[in-house]
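J.: Generate coordinates for the sequence data below:
(one chain, ligands or ions: 1)
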Amino acid sequence: MESLKTIWSTVVQEAVAENVTLDDVYQLIETPKQAGHGDLAFPCFILAKQQRKAPTVIASELAERLHHPWIKRVVAVGGYVNVLFHRNIIANQVLKQILDNGSTYGSNSSGNNANVPIDFSSPNIAKPFSMGHLRSTVIGQSIARLAEKNGYMPIRINYIGDWGTQFGKLIAAYTLWHTEYDTKADPIRALFQMYVRFHKEAKHTPELEDAGRQWFVKLEAGDADALALWRWFRELSLESFNHLYQRLNVSFDLVRGEAYYNDKMKPIVNELKSKGLLEESQGASVVRLDGEVPPCLIQKKDGASLYATRDLAAAFDRHTSYEPTRMLYVVGQEQALHFVQVKEVLKKMGASWADQVEHVSFGLLLSGGKKMSTRKGHVVMLEDVLDEAKNRALASIQARTPHLFEMEKVAEKVAVGALIFHDLKHYRQNDVEFSLEQMLTFEGETGPYLQYTFARAKTLLEKGGWSEADQHTITEIDEEAWPIVKALEEWPAKIKQAWQQTDPSLIARHLLSLAKAFNTFYSQVRIIDDSANKATRLTIVWTVATVLEDGLKLLGIQAPEKM
Ligand code: ARG
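T.: Predicted coordinates:
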């Protein structure tokens, strides 16, 4: 079925044919602010300008000429043409599609199975998993699911930060001070404390920096002691990351750190040289870039490679391995310049695919208006945050449903769902104020609210004896159910849009509209009574549950059947 918006655009475009394309019309279509005014509206202001007539005149002329079997009424209001669809016809179409397709409703195959490497999460070893990495993880995994839903093959890559001068510093710090710390009980914390101390003391003791640099040179040269320590840091960190990923229900197709590209950088540097792109600048090697973009640092004075060098190698590797159509990097806004530089260098190297590189950037997680930071020793441990969220969820559930089966498991799903939804309901570029209290309320615009709505729908279906296996015909649609049908109808278009714009918040917000429409319906209509409409009402409940569950899954959130 074509979307109502497409149908309405087509009807309008056919009537005004001359100067406007279907796409132009589609872009203009609005939803009337007052529901009573109709389902969709076409504003006539641009046409009016073109034809030098009053918008109201255009609107009334146009209204006379618009017909379609699914359209019940067309009315001109002000400079707008408003349309009202036949509720029963549309509801039949929409509900039947969901009945036929179940959770694949809204999927499309526009991706033709093309590969899309998605670089996300990518925390740094020997450091706590930061709140920034949490955002990347949550946004990245949702975008990967959106890719699938649109017929692409996501390749989920965890590009662990496991190489770079900081490991020289860490080895220096470790060799100096490790006996003073308890590296057994909580090794990551101990390592991080040494790292923080290193930075503090290096301010007064510049020799420390030299020692750090030397250790990194050794590490890059393959020194056995340096490598052994590095491997140990890496294993410890991966173990603790994996524990988090399990809780967050996140998985990767590739866990590939920066170190993986160590032997892949030389060819890049050579190519840069042979193409005459590498210049010397104060002993270091850089690629000069056009316009305002500062030069990209490729090699330090001492020959050490850099973050950008590794990203260049990784980009070439991804390009040749997967022949993708889009290459996504879900990384915070503060790295915008880095990605501009990498892309510009790729272009200078003649990589025709450089424009496929997309930095999917996002804002900060704030606490009390300030960045939630792991620097300067002020560490917010994600594991602690999750535990606290779970305890709060458990308390709320206990108060609401004291005898709930498998309460602990449900509480974990609610806590994780709350955390994820709180992030994804905001447009990713915006900063997000982190509030456990807010994200865990069952009544606001929260994950638990959606999970609870899903569970309510499931309970209704059970009580009403609705079964998927039965034959379902749709009779009269209650007026109160129309906003639900409309939200369901818009679902496939939202899925496309959210993928194109790599914007999971479109999904999150749409689920909120659907849930609100459903809860209003629930409060206004007795769903389970002995009227002839009971079966149709329950079918609506089932379609809501199906889309809610699938939508939550697209966000990476599990929906318990009972809570
Ligand atoms: N590890 C980096 C950081 O924590 C993020 C890596 C992002 N991915 C990339 N290909 N550069 O800042």
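J.: Could you please name the strands the helix or strand of the chain with the lowest mean pLDDT pairs with and the direction of each pair?
T.: Using mean pLDDT, DSSP states H and E, the weakest-scoring helix or strand in the chain turns out to be strand 370-371, at a mean of 82. Sheet pairing for strand 370-371, assigned by DSSP bridges, gives strand 365-367 (antiparallel).
J.: count of residues packed around Met182?
T.: Actually, residue 182 is Asp. It isn't Met. Residue neighbour count, defined by other C-beta atoms under 10 Å, stands at 11 for Asp182. (C-beta placed from N, C-alpha, C; glycine too.)
J.: one step back: ok, is the least confident helix or strand of the chain in contact with the ligand or not?
T.: No. On the criterion C-beta under 6 Å from any ligand atom, strand 370-371 is out of touch with the ligand, staying 13.9 Å away.
J.: After that strand, heading C-terminal, what element do we hit next?
T.: Downstream of strand 370-371, the next assigned helix or strand under DSSP states H and E is helix 382-400.
J.: what comes into contact with the helix or strand harbouring Leu191?
T.: In this structure, Leu191 sits in helix 187-204 according to DSSP H and E. Helix 187-204 is contacted from outside by 126-128, 166, 169-170, 172-174, 177-178, 181-183, 208-209, 212, 233, 236-237, 240, 374-377, 379, using C-beta atoms under 8 Å, 6 or more residues apart in numbering.
J.: again, only using 7 Å
T.: Helix 187-204 has contacts (C-beta atoms under 7 Å, 6 or more residues apart in numbering) with 126-128, 169-170, 172-174, 177, 181-183, 208-209, 233, 236-237, 240, 376-377, 379.
J.: same deal with stretch 491-502?
T.: 3, 5, 105-106, 108, 143, 146-147, 149-150, 328, 360, 504, 506-507, 510, 547.
J.: Same question for stretch 281-300.
T.: With C-beta under 7 Å, 6+ apart as the test, stretch 281-300 has contacts from 269, 272, 277-279, 301, 305-306, 308-309, 340-341, 344-345, 348.
J.: Let me know the closest of the residues you listed to the ligand.
T.: Ala308 (8.8 Å; C-beta to the nearest ligand atom).
J.: list the contacts for Glu383?
T.: Going by C-beta under 7 Å, 6+ apart, Glu383 touches Leu244.
J.: With Val12 instead?
T.: Contacts of Val12 (C-beta under 7 Å, 6+ apart): 25, 42, 66.
J.: can you pick the most crowded of these?
T.: That'd be Phe42 among those, by other C-beta under 10 Å, with 28 neighbours.
J.: which helices and strands does the helix or strand where it lies pack with?
T.: Assigned by DSSP H and E, Phe42 falls within strand 40-43. Judged by 3 or more C-beta pairs under 7 Å, 6 or more residues apart in numbering; DSSP states H and E, the packing partners of strand 40-43 are helix 4-16, strand 80-85.
J.: Sketch out the helices for the stretch 101-250 of the chain, chain order is fine.
T.: Secondary structure of the stretch 101-250 of the chain (DSSP state H, counting those that start in this stretch): helices at 131-149, 165-177, 187-204, 207-220, 224-248.
J.: Tell me if the shortest one is near the ligand.
T.: No. On the criterion C-beta under 6 Å from any ligand atom, helix 165-177 is out of touch with the ligand, staying 10.5 Å away.
J.: got TSV for the helices and strands packed on strand 40-43, with distance to Ser352 and mean pLDDT too?
T.: Shown next, in TSV, are the helices and strands packed on strand 40-43 (distance: least, C-beta to C-beta, whole Å; pLDDT from 0 to 100):
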stretch	distance to Ser352	mean pLDDT
helix 4-16	34	94
strand 80-85	45	96
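J.: Select, out of these, the one closest to the ligand.
T.: helix 4-16 (36.6 Å).
J.: count of residues packed around Leu47?
T.: Using other C-beta under 10 Å, Leu47 has 23 neighbouring residues.
J.: ditto for Phe454
T.: If you count neighbours by other C-beta under 10 Å, Phe454 ends up with 26.
J.: hang on, isn't it packed against Ala545?
T.: Yes. Counting by C-beta atoms under 7 Å, Ala545 is a contact partner of Phe454 at 5.9 Å.
J.: okay, the residue in the stretch 151-300 of the chain positioned nearest to the ligand: pLDDT?
T.: Here the residue of the stretch 151-300 of the chain nearest the ligand is Gly161; by C-beta to the nearest ligand atom that distance is 3.2 Å. Note on Gly161: pLDDT of 96.
J.: tally of neighbours for the residue lying closest to it once chain neighbours are set aside?
T.: Distances taken as C-beta to C-beta, 6 or more residues apart in numbering place Asn124 nearest to Gly161, at 3.4 Å, with adjacent residues excluded. A count of nearby residues for Asn124, using other C-beta under 10 Å, gives 20.
J.: any idea how far Ser531 is from Asn124?
T.: According to C-beta to C-beta, to the nearest Å, Asn124 and Ser531 sit 61 Å apart.
J.: is any part of the one helix or strand Val269 maps to close to the ligand?
T.: According to DSSP H and E, Val269 maps onto helix 265-274. No. Using C-beta under 6 Å from any ligand atom, helix 265-274 never reaches the ligand; the gap is at least 13.8 Å.
J.: Counting neighbours, which bits of the next helix or strand after that helix end up buried?
T.: Next along the chain after helix 265-274, taking DSSP H and E as the criterion, comes strand 278-281. Buried residues in strand 278-281, defined by neighbour count with 16 or more other C-beta atoms under 10 Å: Leu278.
J.: Strand 278-281 pairs with which strands?
T.: Applying DSSP bridges to the sheet, strand 278-281 is found paired with strand 284-287 (antiparallel).
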